[in-house]
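# Got a predicted structure plus its sequence, pasted below:
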Amino acid sequence: MIYFIKSESGHVKIGITCDKDIKKRLSTLQSSNPHELSVLKTLDWNPDQEREIKIHFEDFKIRGEWFLLDKKILDYIKDPYPFNVKIKTTINKLIQRLGSEQAVADRFGISIRWVKYLRSGKRKASFYLAEAIKKEAEK
């Protein structure tokens with residue numbers, strides 16, 4: 001699970017936990033943080049997508065997994081799936097154009113399993129991946 005935990009200091013921690021109970025993670029973080037923390041959002045996504053999110057918001061990185069809580073991050077938290085309506089169709093077109101699921105996986109640096117998830121609609125692409133897929137499809 002990917003989480004966004006807000007600090008009253010104006011920062012947000014973007015992280016991942018295997019624990020399904022986000023309250024435990026919040027409690028652990030709170031014990032070593034002097035500022036009040038609260039959960040903004042959780043996403044049932046994988047570690048690859050967490051990396052994509054962190055790369056996408058690199059300009060706001062303060063240290064480690066802490067980022068300045070900018071309006072762009074808040075907007076993303078409100079709608080982390082902006083392009084997903086068309087992703088399933090777009091992935092299928094890219095598989096046809098590039099020749100295989102493996103070619104699509106290689107192009108985007110993701111696993112074939114992830115391509116299959118996107119193709120089936122079982123999973124949603126993160127903003128960064130959805131944007132990259134959209135740009136590739138427009139070529």
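Yep, that arrived. Numbers count the residues shown, from 1 in each chain.
# I figured Tyr117 hits Ser111, correct?
No - in this structure, Tyr117 sits apart from Ser111 without contact. The criterion is C-beta atoms under 8 Å, and the distance is 9.1 Å. Heads up, the C-betas are built off the backbone N, CA and C, glycines and all.
# What is the helix or strand harbouring Ala130 packed up against?
Taking DSSP states H and E as the criterion, Ala130 maps to helix 127-137. Judged by 3 or more C-beta pairs under 8 Å, 6 or more residues apart in numbering; DSSP states H and E, helix 127-137 is in contact with helix 47-56, helix 84-98, helix 101-108.
# give the contact list for Leu68.
Residues counted as contacts of Leu68 (C-beta atoms under 8 Å, 6 or more residues apart in numbering) are 10-12, 60-62.
# PyMOL command for the buried members of those?
Paste this into PyMOL to select the buried members of these, with burial taken from 16 or more other C-beta atoms under 10 Å:
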select buried, resi 11+12+60
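# Would you mind giving the contacts of Leu68 as TSV with pLDDT, secondary structure and distance to Leu43 added?
Below are these laid out as TSV (pLDDT from 0 to 100; DSSP: H, G, I helix; E, B strand; the rest coil; distance: C-beta to C-beta, whole Å):
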residue	pLDDT	secondary structure	distance to Leu43
Gly10	96	coil	22
His11	97	strand	19
Val12	98	strand	14
Phe60	97	helix	18
Lys61	97	strand	19
Ile62	97	strand	21
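# remind me which residues of this structure are low pLDDT?
Low-confidence regions of the chain, defined by pLDDT under 70, span residues 81-85.
# can I see the domain layout of it?
Per the record's domain assignment (automatic domain parsing), the chain is made up of the domains 2-78, 84-137.
# Looking at these, which one is packed in the most?
For these, average neighbour numbers computed from mean count of other C-beta atoms under 10 Å are highest in domain 84-137, which has a mean of 17.
# Quick check: phi and psi on Val39?
Backbone geometry at Val39, expressed as degrees, to the nearest 10, gives phi -80, psi 120.
# Pretty sure it sits against Ile2.
No - Val39 lies out of contact with Ile2 (C-beta under 8 Å); the separation is 11.6 Å.
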